[in-house]
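Trainee: give me coordinates for this.
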Amino acid sequence: MNIIISNTGDKPIYEQITGQIKNMVMNGQLKEGDALPSMRTLAKELRISVITTKRAYEDLERDGFITTVVGKGSFIKAADTRLIREEKLKQIEMLLTEAVSLAGQSGISRTEIEEMIDILYQEG
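Mentor: Take a look at the predicted model:
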């Protein structure tokens, strides 16, 4: 599993792991039934605490992306299109928030932003 951790960012490591695994599920890199590395194995590979990987796996399970079977490991759950849609909406909201902020700093109006979005949708 190719997870890249940044110690210089403002995001906690467990959130970086969670976000990257969610993206792998949403992009089809990880599919239903795929096994995740054990918490210890992932911690060793990333050179981080097992407590950190445990937190990431707990969050993934809580959010409905994985299921954990005692004694067997953690596995990707069947894709719930509602969950995936919600995650995509969160990503879009973050990007739009950044775009609106940048537009405000640059004196770009809402109308101009809406025109850009219309053009992008038309291009496809």
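Trainee: tell me the pLDDT of the residue nearest the centre of the chain.
Mentor: Nearest residue to the geometric centre of the chain (CA atoms, centre = their mean): Gly19, 2.7 Å. Each residue has a pLDDT score; the one for Gly19 is 93.
Trainee: OK, contacts around it?
Mentor: Lys11 (CB atoms under 8 Å, 6 or more residues apart in numbering). The C-beta positions use only the backbone N, C-alpha and C, and glycine is treated the same way.
Trainee: Tyr14 too?
Mentor: Counting by CB under 8 Å, 6+ apart, the residues that Tyr14 touches are Thr52, Thr53, Arg55, Ala56, Asp59.
Trainee: go again with 10 Å.
Mentor: Ile48, Ser49, Ile51, Thr52, Thr53, Lys54, Arg55, Ala56, Tyr57, Glu58, Asp59, Leu60 (CB atoms under 10 Å, 6 or more residues apart in numbering).
Trainee: and the last one, what helix or strand is that in?
Mentor: Translated: Leu60. In this structure, Leu60 sits in helix 50-62 according to DSSP states H and E.
Trainee: for this protein, what helix or strand is lowest in average pLDDT?
Mentor: helix 81-106 (a mean of 88; mean pLDDT, DSSP states H and E).
Trainee: excluding residues flanking it in the chain, which one is nearest Gly73?
Mentor: Closest residue to Gly73 apart from its sequence neighbours, by CB to CB, 6 or more residues apart in numbering: Ala35 at 5.4 Å.
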